[in-house]
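1. A predicted structure for the sequence below; I have some questions about it.
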Amino acid sequence: MSRAIRSVFFLLLAATAPAAAQGVPIRNAAQAGPPETEGRSRLAEAVRRAVAQNPRVQEAEARAEAARHRIQQTLSLPDPEVELGLKDVPFLHPSLSRSDFTMEMVTGRQRLPARGKRSAEHAAALADVDGAAAVRAREAVAVAADTAEAFFLLAAIDGEVAILEDTRRRLEDAAAAATSLYQVGKAGQSDVLHANLERTSLDERLSTLKAERRAQAARFNALQGLPVAAPVAPIGPVDPGSGVPAAGELARQAEARSPSVAMAVAEVRRTEQELELARLEGRPDWTLMAYYGHRQRVEDLAGVSAAINLPWAHGRRLAERRAEKEAELAAARARVEAAKNQIRDEVEAAYAELDKNREQVRLYRDSILPQAEVNYRSAREAYVVGKIDFLTLVRAAIDLDSYRQEAVRRGSGIGRALAALQKASGLPLIAGTPDAGDSHGEK
């Protein structure tokens, strides 16, 4: 191929070369720069909407409200009983006046639980409220993290699509130029075939990415309580922020404030009260009763009485009941430690993923992308002087774009690792996530 023909291809490729190869900054998550405040604001808005509208959070909130309504119930006495009846009515010839013993009676009863039982039930109900509130906080944190993960996946897909579409435009120009030169006998047919093949391959990758985006956009909308088919505008580069405590400090905070630990602690408190109730079951309950009897021909009668149950009559049952609750309490206390262990494990794994993505972003920014740009420029210069063929030049340009895509994925990986870290720790690390509130600890 003549120098003039090579110059034509050089101009075509240089005019539409990747921004990084032309010295123009690439705005993606793999490069240093000011925080992308618009993207972070959009993420925070999506997270707030998800926490407010997601059915999982709404269900947990309704259950917490139901638990709150049970508190007042434990402060009330058992329902009183009223009984209406007839006493001593003649059997063969029923009559209300033939016998002086016949009475029309009304009886009232009230059971009085033994001392300590209602206070134990009240404490158990308070523990249920704390547990339900912790479930609600856990769901809110998890939904926020899932929403952020979907957001960063969409951002990565949009970044890759933009890069591939830019590459496709350059290949279209190169293919058109190669075809024109081939028609006048100034280029080989292989140049045309290679350019068309690469363009077709890019079309297939674009199709796959667009299908992935559609599925991910549906998930993103569903998490926010929006119609799954609602359009989601393209998401630009997003800086997820770097205000994350060190791994050890984060694990310590998570153990103190995680809703998962709060749930386990509330379960311990509830089971402690159930064990206390099992012990108090050995105390008899009192039942007070009063009656009034109306008689037709003689004076009316009235009376009062008191009764107690005899729980010690079945001592084996009470002993088994206490043993059951003691075993449940041991299991609940073990769950607290298990929850803490799980937090340590998941926080460490998520933090390792975060550090890995941060390191890879730095490598792409400081080493891989600059080397790929140098490789592309060298290939372009070598093509101009006839040292390499057209396919090698196109391959170098596509390789550069592939590294740019990888850099976008690593940048998105930082945000997704941060979402995983929030889910593991239960702490609000992503903007828009509500704070679970005060620290939780064992009582």
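-> Ah, there it is. No experiment lies behind these values; they were computed from the predicted model shown. Numbers count the residues shown, from 1 in each chain.
2. switch to C-alpha atoms for all contacts and neighbour counts from now on
-> OK.
3. following the longest helix anywhere in the chain, which helix or strand shows up next?
-> The single longest helix within the chain, with elements called by DSSP state H, is helix 117-183. The helix or strand immediately downstream of helix 117-183 is helix 189-223, counting by DSSP states H and E.
4. Wait, a strand at E83?
-> Yes: assigned with DSSP: H, G, I helix; E, B strand; the rest coil, E83 falls within a strand.
5. Next one: the residue nearest to it when sequence neighbours are not counted relative to P78, how far apart?
-> Closest residue in space to E83, ignoring its immediate chain neighbours: T107 at 4.9 Å, by CA to CA, 6 or more residues apart in numbering. With distances taken as CA to CA, to the nearest Å, T107 is found 16 Å from P78.
6. Of those two, which one has the most company?
-> T107 (17 against 12; other CA atoms under 10 Å).
7. tell me which element that one is part of?
-> Short version: T107 belongs to strand 103-112, going by DSSP H and E.
8. Over to R377?
-> Per DSSP H and E: R377 is located in helix 369-384.
9. Low-confidence stretches in the stretch 301-443 of the chain?
-> 384, 386, 436-443 (pLDDT under 70).
10. what's the average pLDDT for the strand holding T107?
-> Mean pLDDT, computed over strand 103-112, is 95.
11. how would you label Y292: helix, strand or coil?
-> Criterion first, three-state DSSP; result for Y292: strand.
12. Bridged to it, which residues?
-> V106, A302 (DSSP bridges).
13. For the remainder of this discussion, apply numbering that starts at 29.
-> Sure, I'll start numbering at 29, so the last one becomes Y320.
14. didn't it look like it was pressed against A330?
-> Yes: under the criterion of CA atoms under 8 Å, Y320 makes contact with A330 at 4.3 Å.
15. Looking only at neighbour counts, state which of those two leads.
-> Between Y320 and A330, counted using other CA under 10 Å, Y320 has the larger neighbour count: 16 against 12.
16. Am I right that S440 is in contact with L181?
-> Yes: between S440 and L181 there is a contact at 6.6 Å, judged by CA under 8 Å.
17. Neighbour count: these two, which is higher?
-> Neighbour totals were compared for S440 and L181, and S440 leads with 30 against 23 (other CA under 10 Å).
18. distance between the helix holding R405 and the chain's centre?
-> How far helix 397-412 lies from its chain's middle: 44 Å, per CA atoms, centre = their mean, to the nearest Å.
19. Past that helix, which element shows up next along the chain?
-> Under the assignment DSSP H and E, the closest C-terminal helix or strand after helix 397-412 is helix 418-453.
20. got the angle for the strand or helix carrying R344 vs helix 397-412?
-> According to DSSP H and E, R344 maps onto helix 343-391. Interaxial angle of helix 343-391 relative to helix 397-412 (axes from the mean of the first three to the mean of the last three CA atoms, to 10 degrees): 40 degrees.
21. list the helices and strands helix 343-391 packs on?
-> When contacts are defined as 3 or more CA pairs under 8 Å, 6 or more residues apart in numbering; DSSP states H and E, helix 343-391 packs onto helix 275-285, helix 287-308, helix 418-453.
22. For the ones you listed, please prepare TSV with the additional fields distance to R349.
-> Formatted as TSV, these follow (distance: least, CA to CA, whole Å):
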stretch	distance to R349
helix 275-285	32
helix 287-308	6
helix 418-453	36
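23. Out of these, flag the one nearest E193.
-> helix 418-453 (10.5 Å; CA to CA).
24. buried ones in stretch 83-101?
-> Neighbour-count burial for stretch 83-101 flags P83, R84, V85, Q86, A88, E89, R91, A92, A95, R96, I99 (criterion: 16 or more other CA atoms under 10 Å).
25. Let me have those in CSV, adding secondary structure and pLDDT as columns.
-> Shown next, in CSV, are these (DSSP: H, G, I helix; E, B strand; the rest coil; pLDDT from 0 to 100):
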residue, secondary structure, pLDDT
P83, helix, 94
R84, helix, 93
V85, helix, 94
Q86, helix, 94
A88, helix, 95
E89, helix, 95
R91, helix, 95
A92, helix, 95
A95, helix, 95
R96, helix, 95
I99, helix, 94
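26. Give the helix, strand or coil label for P268.
-> Per three-state DSSP, P268 ends up coil.
27. So the residue nearest to E111 is in contact with K115, correct?
-> No: using CA under 8 Å, T135 makes no contact with K115, being 11.7 Å away.
28. From A183, how far out is V260?
-> For V260, the distance to A183 - CA to CA - is 11 Å.
29. what's the angle between the helix holding R344 and helix 287-308?
-> Using the same axes, to 10 degrees: helix 343-391 against helix 287-308 is 170 degrees.
30. Show me what the helix holding R405 is packed against.
-> Contact partners of helix 397-412 among helices and strands, from 3+ CA pairs under 8 Å, 6+ apart: helix 31-43, helix 418-453.
31. Kindly recompute the last result at 6 Å.
-> For helix 397-412, the elements it packs on are helix 418-453, judged by 3 or more CA pairs under 6 Å, 6 or more residues apart in numbering; DSSP states H and E.
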